[in-house]
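>>> Next input, structure requested:
(5 chains)
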Amino acid sequence: MDLATIVGIICALAAMAVGIGTGVAAFINIPSLLIVVGGTFGAAMVNYRFPQLIGAFAVAKQAFLYKPTSPTELIEELGKYAHQARREGILALESAAEEADDMFLKRALQLAVDGHEVPAIESILNNEIDQIKERHKSGAEIFTALASYSPAFGMIGTLIGLVLMLQSMNDPSTIGPSMAIALITTFYGAVMANLAFLPIAGKLRSRSQEELLYKELTMEGVLSISLGDNPRIVEQKLISYLEPRLRAMAERK
Amino acid sequence: MDLATIVGIICALAAMAVGIGTGVAAFINIPSLLIVVGGTFGAAMVNYRFPQLIGAFAVAKQAFLYKPTSPTELIEELGKYAHQARREGILALESAAEEADDMFLKRALQLAVDGHEVPAIESILNNEIDQIKERHKSGAEIFTALASYSPAFGMIGTLIGLVLMLQSMNDPSTIGPSMAIALITTFYGAVMANLAFLPIAGKLRSRSQEELLYKELTMEGVLSISLGDNPRIVEQKLISYLEPRLRAMAERK
Amino acid sequence: MDLATIVGIICALAAMAVGIGTGVAAFINIPSLLIVVGGTFGAAMVNYRFPQLIGAFAVAKQAFLYKPTSPTELIEELGKYAHQARREGILALESAAEEADDMFLKRALQLAVDGHEVPAIESILNNEIDQIKERHKSGAEIFTALASYSPAFGMIGTLIGLVLMLQSMNDPSTIGPSMAIALITTFYGAVMANLAFLPIAGKLRSRSQEELLYKELTMEGVLSISLGDNPRIVEQKLISYLEPRLRAMAERK
Amino acid sequence: MDLATIVGIICALAAMAVGIGTGVAAFINIPSLLIVVGGTFGAAMVNYRFPQLIGAFAVAKQAFLYKPTSPTELIEELGKYAHQARREGILALESAAEEADDMFLKRALQLAVDGHEVPAIESILNNEIDQIKERHKSGAEIFTALASYSPAFGMIGTLIGLVLMLQSMNDPSTIGPSMAIALITTFYGAVMANLAFLPIAGKLRSRSQEELLYKELTMEGVLSISLGDNPRIVEQKLISYLEPRLRAMAERK
Amino acid sequence: MDLATIVGIICALAAMAVGIGTGVAAFINIPSLLIVVGGTFGAAMVNYRFPQLIGAFAVAKQAFLYKPTSPTELIEELGKYAHQARREGILALESAAEEADDMFLKRALQLAVDGHEVPAIESILNNEIDQIKERHKSGAEIFTALASYSPAFGMIGTLIGLVLMLQSMNDPSTIGPSMAIALITTFYGAVMANLAFLPIAGKLRSRSQEELLYKELTMEGVLSISLGDNPRIVEQKLISYLEPRLRAMAERK
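Numbering: from 1, shown residues only, chains lettered A, B, ... in the order given. Next up, the predicted model:
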């Protein structure tokens, strides 16, 4: 898993532990937890079908386990293909297509080797990129929905606790602890939203951007190769997608 | 109905029941319910005309009862039509158009069989897709409006309760129960918004995406057939719309 | 006026009356009303010029009194014109242009009869549709602004009440009633926003959609007639704008 | 200044005065004012550079002092130029360009007189309109930022007051007044946001729309004249930008 | 650093100091600070990878240290290049490309000198501008995320404090100070969001606009030079991007 994720979770939990100190028992309340978790996921199940929810968690898992891709390596590789295609013709990329690890690169090269026309390849790959973007967006939306349901059910739980407490205020000494329990559901809802669902949704959005840049580089490169562009032009085109720091690295090579 | 919906509602209600325990009587208050329901639907009736409200509920019912469509089966079917059109000419799809269950597919095939030009077919079908999108969006918007009115009238009800209570605070022992009753409208508003209206609006949005993908596949396929594309190209084009998992399934066939 | 509007207002007021019961006197407070109404419209007058505010109320009145248009009747009418133009030439629509009730239809027919070229007609009508959309949007925005100012001044009024009360808490028995009065401005602000301004803004938005569909149908039809399209094609084109239920009705005719 | 602005401010202040009554002394608190004003503008200075802030206030001043432009007069004027250009050639507009008050009209006429090609004129003017829109948007954004900082610092001030009060609650009789003072910062923040910053931001947005319509009319008219359009067509084109009421006025002329 | 930034921070801190007065000790609470800082950055680390967070802080530092660019000087310089290219041919800009300080200008001139076709140069530079915009947007988004996490963890800290306090309300005299401590986390969260993260995010957005205008001017100018435009036309085109005040300055030169 991403190092920052682990450090981040530890960091936030440690910070809360400092605040809680030895009173940790006061923050463990099973019914409160059930209200928030049950309500949040219950609402999410009305909102989404099971395959969508499972899909979102799968996408999230992938986003955290994912090894960052290197755009500079991709550009280098595409430059190599460009040279090969120049020297030996586009059909020479057949073996490259077979060996490619990335499914999208494999498919793009295969379409180029098959001799489809450039606009046809562009339309198919663009379409695929749009579908990927759509799926990522929908994953992030599911976590954004969870992040809006969880504080809502936290508040609902607190209202339940308050109503019960206010109904039977015979013994003033019980008011404090009852209210403490009521507030714990709000606490759970806020922590779930801000330490889990919102960061995960944000992670999916930013991971999506990286992956789409990678896919666009792949498409741009393969299209440029199919057009028979000069390998130097292919690389120039792709390098303009990079941020300055990476661009310097790519040019040095 | 969708299994997840039923499980979700049970799950959320059970979670709240755990919190409420034996105090369920405290959470049933007819005037509070009337304020929230009356206010929410009253505001919605000022906002929308009756046919719009009824339409939104019809669309919502449909979204929950709807049997998920299978894009892979559709692609297979369109592939079959492409082969048939190749062998026997586009007119051979006349009987396919007559037998099609899906109204949109029927209409698309009919337009192709009638020999309209491809841009004309595309413009008519695109137009129809835009109108479908518009209707779905408007259904989701109505439920989003209900989801914003219900907590507002929950708060209005609580304000009514508080003002009445504060006006006549002669007997301190009645303060607690009065406030409990006041808070119940907020509780009703929050539950209605977060367990009904928001998930339904979300459901309409995500169902809309699925249905539009299905319609786009249909249009893309019929247009490709009308252009006389090679059946393999037709299938390749359509498969690029699918997510990897479904794509693998579609290619295996 | 729209039946739903009247039913909606009665419904919401009745719901609140149930909550208020016999304590209605506690909810009438002229200074509180003045703060919310004065503040809300004061802020709106800084925000908008008088003609804009008056215009917004005129548009809102129109939106509620408006007799729903029938797209199917419009299509039938345009189909009739298409047949007439086919048989007797486009000039035969001169009298239709003169008799048309709808100003936009009149203008569109007049432009067609005047023999302008189709792209010129399209550009003028499109421009007019854009301007209509802009005006509707600006009306809805004004009510959205009112809906955001009214709860804000409700809260400001409550703060005024609380500060005054807290400054002179000599007699504890007056705290309750003072706070009740303070809360009433929040109540007024919330009711004004959620029972008046927000539903009106929503009404303007949804009415705008209906009217724009009507205008687009008109434009599409007149352009198609100007192009000399087959009357059956004209109707086919227009019907694709309708929702399935209306489409069935239009086709039956 | 705009009459509505003055009436609006008086109206809102009078409404609040009704609520405050004779207790006005309780609402004047210099430290509270300093916290809200200092915090709000402090944050704004971190956010924007001085020239941006000064520019925003200059734009706001302009928006309130601005004499409403009359699109119908502009159309009449452009119609006059169209006739003149028809009769005496485009060069005859040289003197019109020199006499024009509006800088944008002057520039547009000058470009037309200089004999640039229509697409070049369109591109330059369009560009200028985009830049104007950008500047207006940025002015409105600065006031929107101020409107979000001021209630935030109002709340921060209230928190400061509450913490100080809670730290030393020796004398219960001081709790009320202390809390009153604490609440005043929230009051200041809310009034500043809702009676100043938000209405000003809204004013800039709606003034921007009017000014852009005026600029678009100017551009459309000058382009139409450059194309050598019939003066009647020029006027027809421009009139379609107007709302029905103004259109009737413009056509009567 | 930008003068406004320093004045702004001093101004906001002084304002708060006025409110706090001699009670400053009450506002220093290490555990509260740890909860807010740890929680905020913890959540941010789950949301973003380390290089992204570090990148955002680097971009923010750059935004504050950045010397404002002068569009008028750039236009003057591009005008000079246009004259030179007219007289001595585009290759004469080779030395200008070598001497240019701005990397983007250097690259644009180099592409022009290399004799690439104008659409190719435009596509490469446009692409680069899009990537710059994307990076700026992502920097601003990270600070917006921090600005939403910090008040959330402020509230979470307050909930922790309240729950602990309510659990053990034996000694009423401790309630005040305990609540004061609980509220301090909310105070920290609000100050961090409104005095640091939100203004920084706003700064990045407004700096981004300035920088993109500068880049667009550069691109527009170099493209115009490559097309062999008359130097006067080059300057006219660029000047239309400026606001009136700067335009007057640029024309005077």
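
>>> Show the low-confidence segments of chain A, by residue range.
By pLDDT under 70, the low-scoring segments of chain A are A:1, A:244-245, A:248-253.

>>> centroid residue for it?
Taking C-alpha atoms, centre = their mean, the centroid of chain A lies closest to A:L204, which sits 1.6 Å from it.

>>> in terms of contact, does it touch A:I142 like I think?
No: A:L204 lies out of contact with A:I142 (C-beta atoms under 8 Å); the separation is 9.0 Å. For the C-beta atoms, the positions are set from N, CA and C on the backbone; glycine is no exception.

>>> Overlap in contacts, these two.
Contact criterion C-beta atoms under 8 Å, 6 or more residues apart in numbering or on different chains; no residue bridges A:L204 and A:I142 by contacting each.

>>> before we move on, back to that, identify the residues contacting the residue nearest to the centre of chain A.
Counting by C-beta under 8 Å, 6+ apart, A:L204 touches A:V59, A:A60, A:A63, A:H136, A:G139, A:A140, A:F143.

>>> Do any residues in the longest helix along chain A lie close to chain E?
What stands out as the longest helix in chain A, according to DSSP state H, is helix A:118-167. No: Helix A:118-167 lies apart from chain E when judged by C-beta under 8 Å from any C-beta of the partner chain; the minimum separation is 8.9 Å.

>>> swap in stretch A:28-39?
No: against chain E, stretch A:28-39 shows no contacts by C-beta under 8 Å from any C-beta, the least distance being 9.8 Å.

>>> Okay, and the residue nearest to the centre of chain A sits in which element?
helix A:198-226 (DSSP states H and E).

>>> how far out from the middle of the chain is that helix?
12 Å (C-alpha atoms, centre = their mean, to the nearest Å).

>>> Tell me the helices and strands packed up against the helix or strand just after that helix.
Next along the chain after helix A:198-226, taking DSSP H and E as the criterion, comes helix A:231-239. Packing contacts for helix A:231-239, counted by 3 or more C-beta pairs under 8 Å, 6 or more residues apart in numbering or on different chains; DSSP states H and E, involve helix A:71-88, helix A:198-226, helix A:244-252, helix E:118-167.

>>> Kindly export stretch A:109-125 (C-alpha atoms) in PDB.
C-alpha atoms of stretch A:109-125 as PDB (Å, rounded to 0.1, in the frame of the first residue of the first chain):
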ATOM      1  CA  LEU A 109      -0.700  -1.300 -30.700                       C
ATOM      2  CA  GLN A 110      -2.900  -4.200 -32.000                       C
ATOM      3  CA  LEU A 111      -5.300  -1.700 -33.700                       C
ATOM      4  CA  ALA A 112      -2.300   0.100 -35.300                       C
ATOM      5  CA  VAL A 113      -0.800  -3.200 -36.500                       C
ATOM      6  CA  ASP A 114      -4.100  -4.400 -37.900                       C
ATOM      7  CA  GLY A 115      -3.900  -1.400 -40.200                       C
ATOM      8  CA  HIS A 116      -7.100   0.400 -39.200                       C
ATOM      9  CA  GLU A 117      -7.200   4.000 -40.300                       C
ATOM     10  CA  VAL A 118      -6.000   6.600 -37.800                       C
ATOM     11  CA  PRO A 119      -9.400   8.200 -37.200                       C
ATOM     12  CA  ALA A 120     -10.900   4.800 -36.500                       C
ATOM     13  CA  ILE A 121      -8.200   4.000 -34.000                       C
ATOM     14  CA  GLU A 122      -8.600   7.400 -32.400                       C
ATOM     15  CA  SER A 123     -12.300   7.000 -32.100                       C
ATOM     16  CA  ILE A 124     -12.100   3.500 -30.500                       C
ATOM     17  CA  LEU A 125      -9.400   4.500 -28.100                       C
END
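
>>> residues making contact with that stretch?
A:81, A:90-91, A:93-94, A:96-97, A:100, A:104, A:107-108, A:215, A:219, A:222-223, A:225-227, B:233, B:236-237, B:240.

>>> How many residues are close by A:R86?
Look at A:R86: counted by other C-beta atoms under 10 Å in any protein chain shown, it has 16 neighbours.

>>> For A:I142, give me its contacts.
A:A44, A:Y48, A:Q52, A:L53, A:A56.

>>> let's see it at 7 Å
For A:I142, the contacting residues are A:Y48, A:Q52, A:L53, A:A56, by C-beta atoms under 7 Å, 6 or more residues apart in numbering or on different chains.

>>> wait, the third one sits on A:A44?
Yes: in this structure, A:L53 is within contact of A:A44 by C-beta atoms under 7 Å, at 6.3 Å.

>>> Of the two, give the one with the bigger neighbour count.
Neighbour count, other C-beta under 10 Å: between A:L53 and A:A44, A:A44 has more, with 24 against 18.

>>> What are the contacting residues of the helix or strand in which the more buried one is found?
Assigned by DSSP H and E, A:A44 belongs to helix A:30-47. For helix A:30-47, the surrounding residues in contact (C-beta under 7 Å, 6+ apart) are A:53, A:145-146, A:149-150, A:153-154, A:156-157, A:181, A:184-185, A:188-189, A:192, B:4-5, B:7-9, B:11-12, B:14-16, B:18-19, B:194-195, B:199, B:202-203.

>>> Would you tell me which residues of the stretch 151-253 of chain A are close to chain E?
Selection of the stretch 151-253 of chain A residues close to chain E by C-beta under 7 Å from any C-beta of the partner chain yields A:176-177, A:179-180, A:183-184, A:186-187, A:190-191, A:194-195, A:199, A:202-203, A:206, A:236-237, A:240-241, A:243-244.

>>> Now the buried members of these.
Neighbour counting by 16 or more other C-beta atoms under 10 Å in any protein chain shown classes A:176-177, A:179-180, A:183-184, A:186-187, A:190-191, A:194-195, A:199, A:202-203, A:206, A:236-237, A:240-241 among these as buried.

>>> Off-centre distance for the helix or strand encompassing A:L105?
A:L105 is part of helix A:103-113 when elements are defined by DSSP H and E. Taking C-alpha atoms, centre = their mean, one finds helix A:103-113 lying 25 Å from the centre of the chain it belongs to.

>>> what comes up buried for that helix?
A:F104, A:L105, A:K106, A:R107, A:A108, A:L109, A:Q110, A:L111, A:A112, A:V113.

>>> likewise stretch A:209-216?
Buried-residue list, stretch A:209-216, by 16+ other C-beta under 10 Å: A:E210, A:E211, A:L213, A:Y214, A:K215, A:E216.

>>> Let me see the contact set for the third one.
It refers to A:L213. Applying C-beta under 7 Å, 6+ apart, the residues contacting A:L213 are A:P71, A:Y241.

>>> Could you tell me the phi and psi values at the residue of chain A positioned farthest from its centre?
Distance from the C-alpha centroid of chain A peaks at A:N170, with 50.8 Å (C-alpha atoms, centre = their mean). Dihedral angles phi and psi of A:N170 (degrees, to the nearest 10) take the values phi -70, psi -50.

>>> measure it to chain D for me?
Between A:N170 and chain D the distance is 25 Å, computed by C-beta to the nearest C-beta, to the nearest Å.
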